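A.B. asks: A structural model of the following input is requested.
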Amino acid sequence: MISMERLLSILEDWGRWMKTDNHKLNYPSKSIGMSSGGESTSEAFEEMCSAQDMSNIRTIHAIIHSLEQGQQDAIYAKYLGAKPPLAYPWQLDMAYDNLLVIAGRRINA
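C.D. replies: You can find the predicted model right below:
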């Protein structure tokens, strides 16, 4: 089950991701190297966390695009500065409710 606080955090990350100009075609910035075994660094943990965050962002992106158009528009207005739809507060509340339910099934937060 995902909390509202965690959902809002993922949505903030999604908003930053949507605003970035990324032409890397999702290739990793570093290549995977060979290790002599057993060695673990803090960078490995950070990379694992970044990969999970990116997975959550892609999942939220897909969920947002499965919402009704008014709810999508409300999310885009809130996080990307787009024009708010009619009944914006209601549409945003409905979007949050639906995101909580759907993300609760698809994101292990």
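A.B. asks: alpha carbons only for contacts and neighbour counts from here, please
C.D. replies: Noted.
A.B. asks: How about the secondary structure of the residue lying closest to residue 76 once chain neighbours are set aside?
C.D. replies: Nearest residue to residue 76, sequence neighbours excluded (Cα to Cα, 6 or more residues apart in numbering): residue 82, at 5.6 Å. Secondary structure, DSSP: H, G, I helix; E, B strand; the rest coil: residue 82 is coil.
A.B. asks: what do you get for the one 4 residues further on?
C.D. replies: Here residue 86 is recorded as coil under three-state DSSP.
A.B. asks: likewise residue 67?
C.D. replies: If you use three-state DSSP, then residue 67 falls in the coil class.
A.B. asks: so which strand or helix has the closest residue to it other than its chain neighbours?
C.D. replies: In space, and not counting its chain neighbours, residue 67 is closest to residue 95: 7.2 Å by Cα to Cα, 6+ apart. Using DSSP states H and E, residue 95 maps to helix 88-106.
A.B. asks: Report the rounded mean pLDDT for that helix.
C.D. replies: On average, the pLDDT along helix 88-106 is 95.
A.B. asks: tell me what it is packed against?
C.D. replies: Helices and strands touching helix 88-106, by 3 or more Cα pairs under 8 Å, 6 or more residues apart in numbering; DSSP states H and E, are helix 4-19, helix 42-64, helix 69-80.
A.B. asks: Show me what counts as buried in it.
C.D. replies: Judged by neighbour count using 16 or more other Cα atoms under 10 Å, the buried positions of helix 88-106 are 88, 91-92, 94-96, 98-100, 102-103.
A.B. asks: What part of this protein, helix or strand, is modelled with the least confidence?
C.D. replies: helix 42-64 (a mean of 84; mean pLDDT, DSSP states H and E).
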